[in-house]
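**Q** Kindly return the folded structure for what I paste below:
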Amino acid sequence: MPDIIENHPCSEHEAAVRELTARLPSENRLDMLEELFKIFGDSTRIKILYVLHEGELCVCDIAAVLSMTQSAVSHQLRILRHNRLIKSRRSGKNIYYSLADEHVHTIISMGIEHIDEIG
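**A** From the prediction side, this is the model:
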């Protein structure tokens, strides 16, 4: 990237450009971030994440809240689990789902807060 910095038309910002260039994540990490945000690009998955943001539920409860079939919900839950956005635990015959960690909770909370502010 030195050529880009050397040919940068705003030479007074060269130090800032160098610093930012050095801190830029690898292409692999940026690709992973892109894939993460793609998961949030589906309205059904967002609805499921929002419901789980409110608390732990089983598939039948999520389906009832969202007026969806259990099969459709299960399909989306598999995608969310595969991408480590939710986790599950078994209790007897039921499997309960919740957000994977505080990071996911924060993403949903901050997204809601943002749309409320701009809304």
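**Q** Can you give me the neighbour number for residue 104?
**A** Look at residue 104: counted by other C-beta atoms under 10 Å, it has 19 neighbours. No exception for glycine: its C-beta is placed from N, CA and C like everyone else's.
**Q** so where does it fall, helix or strand?
**A** helix 102-118 (DSSP states H and E).
**Q** Now that helix: buried residues?
**A** Within helix 102-118, the residues that count as buried by 16 or more other C-beta atoms under 10 Å are 104, 107, 108.
**Q** out of everything not next to it in sequence, what's closest to the second one?
**A** Closest residue in space to residue 107, ignoring its immediate chain neighbours: residue 40 at 7.8 Å, by C-beta to C-beta, 6 or more residues apart in numbering.
**Q** just to revisit the earlier point, mind listing residues that contact the helix holding residue 104?
**A** By C-beta atoms under 8 Å, 6 or more residues apart in numbering, the residues outside helix 102-118 that reach it are 40, 49, 50, 53, 85, 86, 99.
**Q** got a list of what the residue nearest to residue 107 touches?
**A** 46, 49, 107, 111.
**Q** Kindly indicate which of those residues lies nearest residue 32.
**A** Nearest to residue 32 among those: residue 107, at 14.7 Å, using C-beta to C-beta.
**Q** what about the closest one, distance to residue 67?
**A** 25 Å (C-beta to C-beta, to the nearest Å).
**Q** buried ones in stretch 33-46?
**A** Buried-residue list, stretch 33-46, by 16+ other C-beta under 10 Å: 39, 45.
**Q** go on, stretch 48-64?
**A** For stretch 48-64, the buried set under the neighbour-count rule, 16+ other C-beta under 10 Å, comprises 48, 49, 51, 52, 53, 57, 58, 59, 61, 62, 63.
**Q** Of those residues, which belong to helices?
**A** 48, 49, 51, 52, 53, 59, 61, 62, 63 (DSSP state H).
**Q** can you pull out the strands in the chain?
**A** 57-58, 86-91, 94-99 (DSSP state E).
**Q** The shortest one - what's its average pLDDT?
**A** Just to be clear, that refers to strand 57-58. The predicted model gives strand 57-58 an average pLDDT of 98.
**Q** And for the last one?
**A** Averaged across strand 94-99, the pLDDT comes to 97.
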